[in-house]
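> I'd like to go over a predicted model; first the sequence, then the structure.
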Amino acid sequence: MRLVLLSLAAAGATLAATPALANEARVEARGGVIWNGSDSEAIAGVAAGYDADVGQKTFVGVEVSADKILTDHTRFAFGASARAGVKTGESGKLYAVGGYATKPFKYGEESFNLGAGYQHNFGKNFYGKVEYRHNFVGNGWTDTDVAVAGLGVRF
């Protein structure tokens, strides 16, 4: 767990220290739904990330996040993720994402996740995105799925 967070932090620091590859930093607010086989709840959160170009059509990035299931007895789940993808024209990015999140409630479990998303720019600094992730929980807990839509600002 700590090794994953440290690795992602080191990757982010390396990308940030490489101005020739600099593409964009971003912050966003997002909301959506989390579900397992029987229940679903609303979820909301914030994220900040940095993407760097790797060639003309591909990119890699890192992201940190804080998300909360909007029901009683939950807390913020903090996450760290990496993403990689392709640019779809001047305004879009299609990507795969994977990461780690802390437990969303006191007696829950931390999770690893994999997913995919699409980000579309609106003008020079604003973007919207849709994303799906599957959370691999383990330890007897049911895996969950998350679908979110987000709005953000690029720098």
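Here it is on my side, so go on.

> Which residues belonging to the one helix or strand A147 maps to are considered buried?
Per DSSP states H and E: A147 is located in strand 144-154. Using 16 or more other Cβ atoms under 10 Å as the test for burial, strand 144-154 gives 144-148, 150, 152, 154. (Each C-beta comes from the backbone N, C-alpha and C, glycine too.)

> which other residues reach that strand?
By Cβ atoms under 8 Å, 6 or more residues apart in numbering, the residues outside strand 144-154 that reach it are 24-36, 43, 45, 47, 111, 113, 115, 121, 124-135, 137.

> For G98, state which of the buried residues of strand 144-154 is nearest.
Ranked by distance to G98 (Cβ to Cβ), the buried residues of strand 144-154 are led by V146 at 13.1 Å.

> which ones are touching the nearest residue to S91 once chain neighbours are set aside?
Once flanking residues are discounted, S91 sits nearest to N121: 4.3 Å by Cβ to Cβ, 6 or more residues apart in numbering. Going by Cβ under 8 Å, 6+ apart, N121 touches 90-92, 127, 154.

> want to throw these into TSV with pLDDT and distance to K68?
Below are these laid out as TSV (pLDDT from 0 to 100; distance: Cβ to Cβ, whole Å):
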residue	pLDDT	distance to K68
E90	88	34
S91	94	30
G92	96	28
Y127	98	22
R154	96	24
